[in-house]
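Asker: Got a predicted structure plus its sequence, pasted below:
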Amino acid sequence: CGVDGAARLGLVRRTDDGLVAPLVELRPYAAVDARGPADWWVASDLGEMAVPGPLRTDHVLGIGGASTTLARATVRGEVGRALDLGTGCGVQALHLRRHAREVVATDVSSRALRLAALTLALDDAAPGPGGDPSAAGRRAPVDLRRGSLLEPVAGEEFDLVVSNPPFVITPRGAGVPTYDYRDGGAVGDALVQHLVEHVGEVLAPGGTAQLLGNWEHRDGEPWRERVGAWLDASGLDGWVVQREVLDPAAYAETWVRDGGQPPGPAFDALVGAWLDDLAARRVEAVGLGMLVLRRPRTGAGGRLRRLEEVAGPAAGPLGAHVADVLAAADLLADLDDAGLASRRLRVADDVTEERHARPGAEHPEVVLLRQGGGFGRVVRVGTAVAGVVGACDGELPLGTLVGAVAALLERPAEEVAAEVLPAVRGLLGDGLLRVADDGDDDGDDDGGAP
């Protein structure tokens, strides 16, 4: 116990002048998910600001922007088995054990697994909500396994896979350090491609994988075509959201600094190695973002194939929004225009409308629908769509509203429907509209409201 016990555990060391210096970082981490608030202590290596010079190659990263982004985007419904692929210090496993019956966490780094074990042990020792010590026993067990990518779980199936993998695009050559936490040993973006194409092998029917990743924008090869080909090869439903794009110089400098290399000749040499590597594959930029993959319960994928760019910070936690988008994709895939027109819709609670008009004008020139949650989308709509959406309060079927707006605008109903129905599909798919009823004439509830 005390300082001597911490030293024996490798948490601190005594200095020559009799002081005590930390060897690892213990950082408080608080989050709120579907089960309410949680408070943890997370063990990791000391950050680059506390370590002189470059980091050790088996450095275990603590809580960062990527790990919290993934945690906030993960769907938090109750699941049977969950996998944290590339657990690092164990942040995702902490979240998963709150809503999964069983959790497996893997990493190629034995040091990462030791620190993840410490993180989880601190969680096990903590009382539950309200100070209830018995609540600790209700946390799911976590099976820590060492190995690369999907190898430690080959032949198994999971309902949910989350991964902040070592996706950094790093030159492969002498003098370029590789770090376990960010470099997977592949050339370019091949590691992310491999995960996308093969994660379905460990997904149970209906299972979902949520990954972070980087992908190359190559000359003459649009990124949507490149990453879209990965989705096609996977056979899974797929949704890719590109959140940021960096040019080669910015990308190189970002990761050289991340490794703790101070400015100087060595820094410049590493940046040059990155630029040469990217140029060799005609890389014009690097995209950063999120991938959501789902194994259909029956048949092949294809209900969802969506690749888009959504810049700027998200408006809040994305887990519930991701679940809504997946549910909406299922609903719309089975719904023709007649079926859509029979549905009663309502505007999502977080959506507001903005109208812009010139002074004295009778009608607005611009109407915007602004989403307060999710990705904070802003959708410009025409007069007919705005009129229909404004009347979507869950009381009347969409087709009735289209007919009423067509009469007000003195336009043919078929013409207004041709404009409104595709726009409504987009608004449902983005979560700005929701289904207010099940839409069945036979009274059976299909649970289809996203």
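Answerer: Yes, it's here. Residues are numbered from 1 along each chain as shown.
Asker: Quickly find the element holding residue 211.
Answerer: Using DSSP states H and E, residue 211 sits in strand 203-218.
Asker: could you give the mean pLDDT of that strand?
Answerer: For strand 203-218, mean pLDDT rounds to 97.
Asker: in stretch 370-379, what counts as buried?
Answerer: Going by neighbour count (16 or more other C-beta atoms under 10 Å), the buried part of stretch 370-379 is 371, 373, 374, 375, 377, 379. For glycine as for every other residue, the C-beta is placed from the backbone atoms N, C-alpha and C.
Asker: Centre of the chain to that stretch, how far?
Answerer: Centroid separation for stretch 370-379 versus its chain: 17 Å, with C-alpha atoms, centre = their mean, to the nearest Å.
Asker: correct me, but residue 216 touches residue 288?
Answerer: No: if you go by C-beta atoms under 8 Å, residue 216 and residue 288 don't touch, sitting 11.3 Å apart.
Asker: Neighbour count: those two, which is higher?
Answerer: Using other C-beta atoms under 10 Å as the criterion, residue 216 and residue 288 rank with residue 216 on top: 24 against 17.
Asker: Tally up the residues packed near residue 246, please.
Answerer: Neighbour tally, residue 246, other C-beta under 10 Å: 17.
Asker: what residues are up against it?
Answerer: By C-beta atoms under 8 Å, 6 or more residues apart in numbering, residue 246 lies in contact with 254, 285, 286, 288.
Asker: partners of the third one in the sheet?
Answerer: This points to residue 286. Beta-bridge partners recorded for residue 286 (DSSP bridges): residue 216, residue 246.
Asker: mind checking how far it is from residue 199?
Answerer: 21 Å (C-beta to C-beta, to the nearest Å).
Asker: ok now stretch 401-416, how far from the chain's centre?
Answerer: 40 Å.
Asker: list the buried ones in it?
Answerer: For stretch 401-416, burial by neighbour count (16+ other C-beta under 10 Å) applies to 401, 402, 403, 404, 405, 406, 416.
Asker: Contacts for it next, please.
Answerer: Applying C-beta under 8 Å, 6+ apart, the contact partners of stretch 401-416 are 341, 383, 384, 387, 388, 391, 392, 417, 420, 421.
Asker: can you name the two of those that are farthest apart?
Answerer: Farthest pair in those (C-beta to C-beta) is 341 and 383. Separation: 19.3 Å.
Asker: do you know how far the closest residue to residue 73 other than its chain neighbours is from residue 141?
Answerer: Nearest residue to residue 73, sequence neighbours excluded (C-beta to C-beta, 6 or more residues apart in numbering): residue 318, at 4.1 Å. Separation of residue 318 from residue 141 (C-beta to C-beta): 27 Å.
Asker: Same drill for those two, tell me which one is more crowded.
Answerer: Ranked by neighbour count (other C-beta under 10 Å), residue 318 and residue 141 place residue 318 first, with 24 against 12.
Asker: need the contact list for that one.
Answerer: Counting by C-beta under 8 Å, 6+ apart, residue 318 touches 72, 73, 374, 375.
Asker: if I read this right, the last one contacts residue 317, doesn't it?
Answerer: No: with contact defined as C-beta under 8 Å, residue 375 and residue 317 do not form a contacting pair (11.7 Å).
Asker: Check which element follows whichever helix in the chain runs longest along the chain.
Answerer: Among the segments of the chain that qualify as a helix by DSSP state H, the longest is helix 413-430. Of the helices and strands lying after helix 413-430 in sequence (DSSP H and E), the nearest is strand 433-435.
Asker: From the contact counts, what lies against that following strand?
Answerer: Under the contact criterion of 3 or more C-beta pairs under 8 Å, 6 or more residues apart in numbering; DSSP states H and E, strand 433-435 touches strand 344-347, helix 413-430.
Asker: which SSE is the nearest residue to residue 86 once chain neighbours are set aside in?
Answerer: Spatial nearest neighbour of residue 86, chain neighbours left out: residue 165 (4.8 Å); criterion: C-beta to C-beta, 6+ apart. Residue 165 belongs to no helix or strand when assigned by DSSP H and E.
Asker: list the contacts for residue 165?
Answerer: Contact analysis of residue 165 by C-beta under 8 Å, 6+ apart lists 85, 86, 149, 184, 191, 192, 195, 211, 212, 213.
Asker: Can you get me a residue count around the fourth one?
Answerer: Burial of residue 184, expressed as a neighbour count using other C-beta under 10 Å, amounts to 21.
Asker: Can you give me the distance of it to residue 167?
Answerer: 7 Å.
Asker: what do these two both touch?
Answerer: Listed contacts common to residue 184 and residue 167 are residue 191; contacts here mean C-beta under 8 Å, 6+ apart.
Asker: where along the stretch 301-450 of the chain do the strands fall?
Answerer: 305-309, 344-347, 351-356, 366-371, 378-381, 393-397, 433-435 (DSSP state E, counting those that start in this stretch).
Asker: Comparing those, which stretch has the densest surroundings?
Answerer: strand 433-435 (a mean of 22; mean count of other C-beta atoms under 10 Å).
Asker: For that one, give me every contacting residue.
Answerer: 324, 331, 343-348, 389, 392, 424, 427-428, 448-450.
Asker: Looking at those, which is nearest residue 106?
Answerer: residue 324 (29.5 Å).
Asker: And the pLDDT for that closest one?
Answerer: Predicted confidence (pLDDT) for residue 324: 92.
Asker: ditto for residue 132
Answerer: Per-residue pLDDT puts residue 132 at 52.
Asker: Repeat that for residue 9.
Answerer: 74.
Asker: and it, how many residues sit next to it?
Answerer: A count of nearby residues for residue 9, using other C-beta under 10 Å, gives 11.
Asker: Give me the phi and psi angles of it.
Answerer: Dihedral angles of residue 9 (phi, psi; degrees, to the nearest 10) stand at phi -80, psi -10.
Asker: sorry, back to before: with respect to residue 236, which of the helices and strands packed on strand 433-435 lies nearest?
Answerer: The minimum distance between residue 236 and the helices and strands packed on strand 433-435 falls on helix 413-430, with 18.0 Å, by C-beta to C-beta.
Asker: average pLDDT for that closest one?
Answerer: Computed over helix 413-430, the mean pLDDT rounds to 97.
Asker: how much does it deviate in direction from strand 351-356?
Answerer: Angle of helix 413-430 versus strand 351-356, following axes from the mean of the first three to the mean of the last three C-alpha atoms, to 10 degrees, is 130 degrees.
Asker: Output helix 413-430 as PDB, restricted to C-alpha atoms.
Answerer: Once non-C-alpha atoms are left out, helix 413-430 reads as follows in PDB (Å, rounded to 0.1, in the frame of the first residue of the first chain):
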ATOM      1  CA  ALA A 413     -51.200  17.200 -56.900                       C
ATOM      2  CA  GLU A 414     -49.000  14.800 -58.900                       C
ATOM      3  CA  GLU A 415     -46.500  17.500 -59.600                       C
ATOM      4  CA  VAL A 416     -46.300  18.500 -55.900                       C
ATOM      5  CA  ALA A 417     -46.000  14.800 -54.900                       C
ATOM      6  CA  ALA A 418     -43.100  14.300 -57.300                       C
ATOM      7  CA  GLU A 419     -41.300  17.200 -55.600                       C
ATOM      8  CA  VAL A 420     -42.300  16.400 -52.000                       C
ATOM      9  CA  LEU A 421     -42.000  12.600 -51.700                       C
ATOM     10  CA  PRO A 422     -38.200  12.400 -52.500                       C
ATOM     11  CA  ALA A 423     -37.500  15.300 -50.200                       C
ATOM     12  CA  VAL A 424     -39.500  13.600 -47.400                       C
ATOM     13  CA  ARG A 425     -37.500  10.400 -47.900                       C
ATOM     14  CA  GLY A 426     -34.300  12.400 -47.400                       C
ATOM     15  CA  LEU A 427     -35.600  14.100 -44.300                       C
ATOM     16  CA  LEU A 428     -36.700  10.800 -42.800                       C
ATOM     17  CA  GLY A 429     -33.300   9.300 -43.600                       C
ATOM     18  CA  ASP A 430     -31.600  12.200 -41.900                       C
END
